[in-house]
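**Q** Here is my input; please provide its structure:
(5 chains, ligands or ions: 5)
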Amino acid sequence: MSGPETETLLYLDGVSVSFDGFKALNELSLIIQAGEMRAIIGPNGAGKTTMMDVVTGKTRPDTGTIYFDGNVDLTKLDEASIAELGIGRKFQKPTVFQHHTVWDNLELALAGRRGTFAALFRREGSSERERIEELLGIIRLGELRDMEAANLSHGQKQWLEIGMLLAQEPKLLLVDEPAAGMTDAETEATADLLKEIAKEKSVVVVEHDMTFVRALGVKVTVLHEGSVLSEGTIDHVSEDPRVIEVYLGR
Amino acid sequence: QDADLRDLINGLAVGGYSETEEQIAALAATGDPAVVPVLEALAEGDVYARKSDRMVFIAEKVGSTYTLTDPLTGETVDEVASGAIDKIKVNNRLRRAIRTALGALTLMSPDAGTRRAAAEAIFQSGDPDAIELIDAAIEQEQNPSIAKLMREARAAAVLNSDLSDEEKVAAIEVIKTRSGRDSLSLLIPLTEVEGPVGAAATAAVSAIEGELAMWDAAQNVWYGLSLGSVLLLAAIGLAITFGVMGVINMAHGEMVMIGAYTTFVVQEIIRSNAPWLFDSSLFIAIPLAFLVAGAVGVAIERGVIRFLYGRPLETLLATWGISLILQQAVRTIFGPTNQQVGTPSWMSGSFEIGLLQITYNRLAIIVFALIVFFLLMAFLKRTPFGLQMRAVTQNRQMASAMGIRTPWVDAMTFGLGSGIAGMAGVALSQIDNVSPNLGQSYIIDSFMVVVFGGVGNLWGTLVGAFTLGIANKFLEPYAGAVLGKILVLVFIILFIQKRPRGLFALRGRAIEA
Amino acid sequence: MIGSFIRNGFDRSAFFVILVLVAAAFVVPALALYTTPASPFHIPGYAIPLMGKYLTYGLLALSVGLIWGYCGILSLGHGAFFALGGYAMGMYLMRQIGTRGVYGDPVLPDFMVFLNWDELPVAWYGFQSFPYAMLMVVLAPGILAFVFGWFAFRSRVTGVYLSIITQAMTFALMLGFFRNNLGFGGNNGLTDFKDILGFNIQAPETRAALFAASALALALAYLICKSIISSRFGKVIVAIRDAESRTRFLGYRVENYKLVVWVLSACMAGIAGALYVPQVGIINPGEFEPANSIEVVIWVAVGGRGLLVGPIVGAIVVNFAKSWFTTGALAPYWLFALGGLFVGVTLFLPKGIMGTLGGGWTALKQRRASAAAEAGVSVTDTDGPDGGRLKTEPAE
Amino acid sequence: MNEQSEAVVAEQPAPIAAASSPAVETKTAGEPILQAKNVDLFYGAAQALWDVSLSAEAGKVSALMGRNGVGKTSFLRAVVGEQPISGGSILFDGKPLGRMAPHDRARLGIAYVPQGRDIFPLLTVKENLETGFAPLKRADRTIPSDIFDLFPVLDSMLRRRGGDLSGGQQQQLAIARALVTRPRLLVLDEPTEGIQPSIIKDIGRAIEYLRDKGTIAILLVEQYFDFVHELADTFAVLDRGHVVASGTREDLDPEKVRRHLTV
Amino acid sequence: QDDTIKVGILHSLSGTMAISETTLKDVMLMLIEEQNKKGGLLGKQLEAVVVDPASDWPLFAEKARELISQDKVAVVFGCWTSVSRKSVLPVFEELNSLLFYPVQYEGEESQRNIFYTGAAPNQQAIPAVDYLMDAEGVERWVLAGTDYVYPRTTNKILEAYLKAKGVAEEDIMINYTPFGHSDWQTIVSDIKAFGSAGKKTAVVSTINGDANVPFYKELGNQGIKAEDIPVVAFSVGEEELAGIDTGPLVGHLAAWNYFQSVEDPANEEFIATWKEFTGNPDRVTNDPMEAHVIGFNMWVKAVEKAGTTDPDAVIDAMIGVTVPNLTGGYSAMMPNHHITKPVLIGEIQDDGQFEVVWETPGLVPGDEWSDYLPDSKDLISDWRAPMSCGNFNVATGKCGGKGT
Ligand SMILES: Nc1ncnc2c1ncn2[C@@H]1O[C@H](COP(=O)(O)OP(=O)(O)OP(=O)(O)O)[C@@H](O)[C@H]1O
Ligand SMILES: Nc1ncnc2c1ncn2[C@@H]1O[C@H](COP(=O)(O)OP(=O)(O)OP(=O)(O)O)[C@@H](O)[C@H]1O
Ligand SMILES: NC(N)=O
Ligand SMILES: [Mg+2]
Ligand SMILES: [Mg+2]
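**A** Numbering: from 1, shown residues only, chains lettered A, B, ... in the order given. Ligands and ions are numbered 1, 2, ... in the order given. Sure thing, here's the model as predicted:
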């Protein structure tokens, strides 16, 4: 099969995943253009996280094709290769390196060569330090730079993980519920941050916070039972009776 | 005539083994059933010569003296100190001679069991002199299975005689129907013979061997199941303390050992206080071993392990220390040597299904292992405690917040795993040494089984144990015991590459990283 | 590049440890050889190989501490690498015996002669050469580790599964080496060595030199380990330890990182074995016993696995205790003392001896305060990449 | 009330709040079930809570708000007994809890829905719910009838392993599980996190339903202001471990509170 | 200068070998106590120095070094397994001290500092095979052993011996099992199969230690009786039998140089002292214990003869020393540092004791270099001056094996 056209960054077609007979993804098709930001919403259990799992190599799809950046077949690659291609991810449950300091967490995530040899002999340069300082500023954890990540509060871990995602400088950011556990003000700040990033990169955001999604102001895809239920602007989908029925509620 | 017999009997005390053997043959040749008691006693090593007059008696030790019984009349004759008599020594050769002699003498016995044994003895010895006797016995025999045995015995005797080739070929046919190893041992030497006898023997041998090969495969399965059940028993407690609780329990083997020593103590008490209970000793030991090992387990959990939850690797260090202490404690209390644990009579010996030989102790252990397994399974799946136990081991803090008394559940769980190990010790005391090292010999196998089967999954432990048992027993005949074991280990290593979380891996997003 | 690599690791504590080891390498032999027994500084001759043995155990423990403490790989089979290094050295030493064996066979070691071997097995070729033997000291364990690790890490065998198959590996090797017909001397192993590089192996000077070599090897290994853990590489392996799968999502090839430390650690263990053998005078399959490997892990835990000096100190303390307890009237009860030591350390020095000394009292207090927090093993994170894995690491 | 409800239990599952509680006396609404006085809490040398006082009454929702890392979770952990306090006291039914273990607190009627849900991953949904039986009398060991009305998705997933559920499903399970213990004090840590809007509304309705029973005190930590605004009867705002604002709904000045929540 | 003479005891008190070796430590303590009651040695009291090498072979060497260098013991009694002896051998050579080794072993060794008071293969294995051939008419042989050096070597010797006696290759089955092997089902049934070829079959067992109990239990359960297929064992003594119900085993055999049941005044006295010393009327005695008794008495005698505990003097004085053994004869130390011993074949009784069914007419001197191994048949050992050589080649006339 030849790869899809070049404008497309991420291309999912007919992807299905099932667990013990339960279909988490059902013939899901989705296209993300280069430089696009996309919001994905959908009921709990719709398969949003599973979709990210499939893209990042954590879960192998039972059927379907996934192409990245033209014609790289992601279903054949492992997690590390996919990450190296430039796909970064923030997990729904913040996952950071508990025994590393905030600083080291960011350092590990910094873009750069990942080989063992390079890691053994490379020294941290001043440009790297500057970049980390900059990130610490963005995620407002400057004061906690030397704290072990294990001791951060839930929300602080969320921020740290966002920082790590930024540090990776990926082409495509998959962001799973970045605003969960944040105050309204922080949620706003997160939305601004993502919009800023989306100027250069492609971003896929999963969120349940409608205010946040609205603030992003981008095309919204609604997933339900493993496939796309509705797609369009936030206003369009908010009025879709099926979306109201299964997701927004009355 | 009695006087002649008496002389023959006294002759048993003259000379060495060869002379005694001749004398036994002479006694047998009398054909007089009156000599049976003395021959039986001789086989048991109960026949003595009085030093003063070289008269031979059956002697029984009563207290510190011996009571002498006249071998012919059965009357008590004398009571003497041990210094006044000489034992008439028997060795294996003499025992064989006695068996043959008794065979001929007891063929007509009214007791069916004795006749069966007599026929069996003649079959074993193949004594051609017995042919006439057997012919007579076959005439009279009512019991068809004994008659068959007698015909086989006769055939065996015929093969050793100088009768005609036709007779021998006919005898070979009879023996061929018997199958089994002892038939082979009769027939194989004949395959060398020229002529029709050799041909018939060769044919019979290959027929029997073909049949044996089939049974051998079945026998191997049985051995595998049996080894598997031992592995299962050894591992099942660990499946709780390690598999469910996550404690790397290096003292598991010592819990097994404690169970075995409990059995020993129970038997000692029974031996000195209530010998008639001996056959039930294991039934008394099983609950006691559960309680003793369980109590030790609870003490270990309360004293040490509970400070280590959330640090499972440290439990390795602590339980290793505990295991050293327990080993040495047992060594100090009971001494370093093996202790004798007896086998109840109902667990001794074996029976046959076709050519499949099944030993009672192994059968008992398989049954016991399965009972323990399914009881435990039911306990964990069907009782509130089982649920609480699983909750606590999955998330101790949340379980506590749900109102589960985690300290109690932890102690009971560890106690349960230890108690089960203790019960395993009762069973293992029946097939292995009861020594302070007992636990060490099972600990590695136990971990292999639990991990191979998949940590946290009891079914995995069950299937893992039997798989490894059977694999081992199928490899052993070809590779030998040592290489067989190595191959099983290599198999485990390779298998884990294929299934990095064991045979019955727990799946689901909670587990998969 | 190498220079900066080393400079990375060479901080004050490293300087101190290396200073102590290097000083020991020179001072101890000098005190043993050039003082009279009357002198208060005299070190008796028999103590030298004993201390040398402790140091080689220290090196072995360091190799385990590196992979366990920093990469979360709990090897219950490191004794296998140690033993292989030991056998490589032992084979060299056997070949040096030449015609001085009891049968006077110039080529075949004694045990081959009386079991009627006609010629030297292929595996023994080349071992008469010291450089070749030294190469094998590193290669034999290195290659085994590489093959084992290549498969295991690629298959993502982790946690206890990995631990148990390492145990299966050493157990299988033990059974194999027990077999006489494998050609390594069966259960008696290799003994009765005469000389090494032409020097009498029993001469005090040779002993002193072996001691010094052990101390220097340990110092060098320590420096290398220290540099590794101070580098980016070190941070990556710690990240792997704490959240293996998360590390993958950052683009690191976890299996390669693991393989590098694993093989390196195995080679270190092999070198330890090679230094051990001439000092104790025997190598036999007992070294492959799973219990031995477990003991090494115990040393590491006793010393403290979060630090590099921890394993070294642990190995020395436990083995010194073992030497000390096994003598005298209490000898029959020494297991109580040793067992008690292990239990005591876990309960009262949860970070091991060095961890506790190093962390000082603040650490201890902090522990107390957050004891409740640590009691929980969190297994519910389902959405993270390492979601729900039974965390084998303390939440501290 | 006790006798009557037990009689009901024998025949059919009792509704959440109707079951007998182990407490001697049922407090009437208005008297605080939980009272925290001047609580200080440390992580090692670092102080996370300073002199925090707060109370929760039956039939009322008490909300605790604040930015990330100000100590909200820490306070809840102190209430349920997971983290010891080093100053002040926490009273339940007027009696100090002291260093009482979490499981004993659960027996008093404190139920906890933690941040991050802490579902038992390998237990089925049904078994997860049944862990709530532990502090109950044998007769009360049923799953309250109204739980599946509140969270119908759970009913269809009873045999699924808890750990396999999606984040939002787990959140619902966590609340349901807490309700099985028939609590008198329900402690919720950010229950809307990761939940789809319609279910947030459901949870809001569930909390209202429970509040309206009048027997349960609800202590709610939440950052989602509108949600709190609709539900809370009283509120407190934490900043860096200090209570910086508190009062009843009437006192709640959205602007003032928002200021404390802003970065 | 020292007011006591120190005697080192180097037996494992923990680990896998404790089961066998602890008893030997106890017997040494008893002998030393008895000697002290008799007034000690050279006017000094003896003092036991006990160490625990913990079944750890390198630790044996370390402890030996410690005993000799630090504790300055005059002599060491110790070791059980061959590997432990091999481990300490260079230490005794280097530090020039004495070791008495009390266990039957594979031979192929003679070292100036070591005195071998256990049996060499010709003092145990060969007579046992002779007995089975002559008295039982055995024609088919199973050589079953634990896979280590002692069984391997012994079986090599036996194989050569049997073949020399005309036994065909296919009438010999050799089987090895790992240490501590506990599942004997397959092997016992293989033995049964092997024994069903119509020729009288016997098992020669060099199965070691712990593996014996399950082996015999399996034999009993599968109904292999001694009359059909007798087993003669070289490592099963009274101590091992104490752990089994011997009922089903009656008639199986063991070959040793001593049995507790031998009626002899010296033995009876020894048994009585032992039971009193241990305070346990059920404690049994066994062959390695007797070896220590002999070794200890020989050493005492040699020290008295030399008038000093100086190793060189004692080593020289040892040769030719004769002391009574416990079975009614006198054992002498030969120039090859092995001793003369009677060989007894005993049958297991149901009380866990052995009854002697055969014994060699006289004492057999231990042959360190087997006549049945091609490379050792030309070797002899003689530690007397001027030869003073452990591996003298009578063919080349040189010391040092076969030479070049
Ligand atoms: N490993 C697994 N085993 C079994 N079921 C699974 C597994 N992973 C996901 N599921 C199921 O697949 C469905 C989709 O889950 P997913 O986590 O993708 O949902 P989601 O859309 O991210 O939901 P939420 O918004 O609540 O996070 C859920 O019903 C979940 O129970
Ligand atoms: N175990 C711990 N050890 C040390 N410090 C901790 C620990 N847990 C939390 N902290 C610190 O205490 C402070 C309060 O944490 P807490 O979890 O209570 O915050 P929170 O208000 O719940 O925040 P969020 O809204 O992000 O969940 C934080 O700054 C955090 O870094
Ligand atoms: N020497 C022995 N029996 O190992
Ligand atoms: Mg999700
Ligand atoms: Mg919080």
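**Q** Write down the beta-bridge partners of residue E:44, one by one.
**A** Here residue E:44 sits in beta bridges with residue E:41, as judged by DSSP bridges.
**Q** tally of neighbours for it?
**A** 16 (other CB atoms under 10 Å in any protein chain shown). (Each C-beta comes from the backbone N, C-alpha and C, glycine too.)
**Q** Also residue B:167?
**A** Neighbours of residue B:167 using other CB under 10 Å come to 16.
**Q** Skipping adjacent residues, who's closest to it in space?
**A** Closest residue in space to residue B:167, ignoring its immediate chain neighbours: residue B:158 at 5.6 Å, by CB to CB, 6 or more residues apart in numbering or on different chains.
**Q** all helices for the stretch 201-350 of chain E, in order.
**A** E:212-221, E:238-241, E:265-278, E:287-306, E:311-318 (DSSP state H, counting those that start in this stretch).
**Q** er, the stretch 51-200 of chain E actually
**A** E:57-65, E:82-95, E:125-136, E:149-164, E:185-194.
**Q** next one: the stretch 101-250 of chain C
**A** Using DSSP H, counting those that start in this stretch, helices in the stretch 101-250 of chain C cover C:110-114, C:130-154, C:159-178, C:204-230, C:232-242, C:244-249.
**Q** on that earlier part again, pull the number of nearby residues for the residue nearest to residue B:167.
**A** Counted by other CB under 10 Å, the residues lying close to residue B:158 total 23.
**Q** Tell me if I'm right that it and residue B:166 touch.
**A** No: under the criterion of CB atoms under 8 Å, residue B:158 is not in contact with residue B:166, lying 10.5 Å apart.
**Q** And the closest residue to chain C within chain D, how far from residue D:240?
**A** At 3.6 Å from chain C, residue D:44 is the closest residue in chain D, using CB to the nearest CB. Look at residue D:44 and residue D:240: by CB to CB, to the nearest Å, they are 17 Å apart.
**Q** Likewise for residue A:152?
**A** 15 Å.
**Q** With neighbour numbers in mind, choose between those two.
**A** residue A:152 (22 against 14).
**Q** Just want the phi and psi numbers for that one.
**A** When quoted as degrees, to the nearest 10, the phi and psi of residue A:152 stand at phi -80, psi 160.
**Q** Quick check: it vs residue D:206, distance?
**A** For residue A:152, the distance to residue D:206 - CB to CB - is 30 Å.
**Q** Kindly reformat the helices of the stretch 51-200 of chain E as CSV containing mean pLDDT and distance to ligand 2.
**A** Output for the helices of the stretch 51-200 of chain E, formatted as CSV (pLDDT from 0 to 100; distance: least, CB to the nearest ligand atom, whole Å):
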stretch, mean pLDDT, distance to ligand 2
helix E:57-65, 93, 45
helix E:82-95, 93, 52
helix E:125-136, 92, 69
helix E:149-164, 91, 58
helix E:185-194, 91, 56
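**Q** what's the most buried one of those?
**A** The highest mean neighbour count among the helices of the stretch 51-200 of chain E, using mean count of other CB atoms under 10 Å in any protein chain shown, belongs to helix E:57-65: a mean of 27.
**Q** Only alpha carbons, please: show that one as PDB.
**A** In PDB, the C-alpha atoms belonging to helix E:57-65 read as follows (Å, rounded to 0.1, in the frame of the first residue of the first chain):
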ATOM      1  CA  TRP E  57      34.900 -25.200  49.800                       C
ATOM      2  CA  PRO E  58      37.000 -22.100  49.600                       C
ATOM      3  CA  LEU E  59      36.100 -21.400  53.200                       C
ATOM      4  CA  PHE E  60      37.700 -24.700  54.100                       C
ATOM      5  CA  ALA E  61      41.100 -23.400  52.800                       C
ATOM      6  CA  GLU E  62      40.600 -20.100  54.600                       C
ATOM      7  CA  LYS E  63      39.700 -21.800  57.800                       C
ATOM      8  CA  ALA E  64      42.600 -24.300  57.500                       C
ATOM      9  CA  ARG E  65      45.000 -21.300  57.100                       C
END
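**Q** Is it positioned near chain B?
**A** No: counting by CB under 8 Å from any CB of the partner chain, chain B has no neighbours in helix E:57-65; the shortest distance is 15.3 Å.
**Q** okay, and for chain A, where does confidence drop off?
**A** A:1-6, A:123-124 (pLDDT under 70).
**Q** Right, and chain E sits closest to which residue of it?
**A** For chain A, CB to the nearest CB, closest residue to chain E: residue A:120, 35.5 Å.
**Q** burial count for that residue?
**A** 20.
**Q** what's the answer for residue B:64, then?
**A** The burial count for residue B:64: 7, using other CB under 10 Å.
**Q** quick one: the helices in the stretch 201-350 of chain B?
**A** So, for the stretch 201-350 of chain B - with DSSP H, counting those that start in this stretch - the helices run B:252-273, B:281-303, B:312-334.
**Q** can you tell me which of those helices comes nearest to residue A:230?
**A** Distance to residue A:230, taken as CB to CB, is lowest for helix B:312-334 among these, at 47.3 Å.
**Q** I'd like the mean pLDDT over that closest one, please.
**A** In this model, helix B:312-334 has a mean pLDDT of 91.
**Q** partner strands of whichever helix or strand comes after it, parallel or antiparallel?
**A** On the C-terminal side of helix B:312-334, the closest following helix or strand by DSSP states H and E is strand B:350-353. Strand B:350-353 has the following strand partners under DSSP bridges: strand B:356-359 (antiparallel).
**Q** contact partners of the partner strand?
**A** B:215, B:218-219, B:222, B:349-352, E:185, E:189, E:218, E:221-222 (CB atoms under 8 Å, 6 or more residues apart in numbering or on different chains).
**Q** With distance to residue E:156 added, can I get those in a markdown table?
**A** A markdown table is the format used below for the contacts of strand B:356-359 (distance: CB to CB, whole Å):
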| residue | distance to residue E:156 |
| --- | --- |
| B:215 | 35 |
| B:218 | 36 |
| B:219 | 32 |
| B:222 | 35 |
| B:349 | 37 |
| B:350 | 35 |
| B:351 | 40 |
| B:352 | 38 |
| E:185 | 28 |
| E:189 | 26 |
| E:218 | 26 |
| E:221 | 31 |
| E:222 | 29 |
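**Q** Next, count neighbours for residue A:211.
**A** 14.
**Q** Wait, a strand at it?
**A** No: counting by DSSP: H, G, I helix; E, B strand; the rest coil, residue A:211 is not found in a strand; it is helix.
**Q** you'd agree it is up against residue A:185?
**A** No: with contact defined as CB under 8 Å, residue A:211 does not count as touching residue A:185 (11.6 Å).
**Q** re the thing from before, list only those of the contacts of strand B:356-359 flagged as buried.
**A** B:215, B:219, B:222, B:350, E:185, E:189, E:218, E:221, E:222 (16 or more other CB atoms under 10 Å in any protein chain shown).
**Q** Relative to residue E:255, which of the residues you listed is nearest.
**A** Nearest member of the buried ones among the contacts of strand B:356-359 to residue E:255, counting by CB to CB, is residue E:218, at 21.6 Å.
**Q** List the contacts of that closest one.
**A** B:359, B:431, E:184, E:185, E:188.
**Q** how near is the third one to residue B:222?
**A** Residue E:184 sits 14 Å away from residue B:222 when distances are taken as CB to CB.
**Q** re earlier: out of the helices of the stretch 51-200 of chain E, which comes closest to residue E:172?
**A** Once the helices of the stretch 51-200 of chain E are compared by CB to CB, helix E:149-164 is nearest, at 6.2 Å.
**Q** I'd guessed residue B:33 sits against residue B:102; true?
**A** No: with contacts counted by CB under 8 Å, residue B:33 stays clear of residue B:102, the gap being 10.3 Å.
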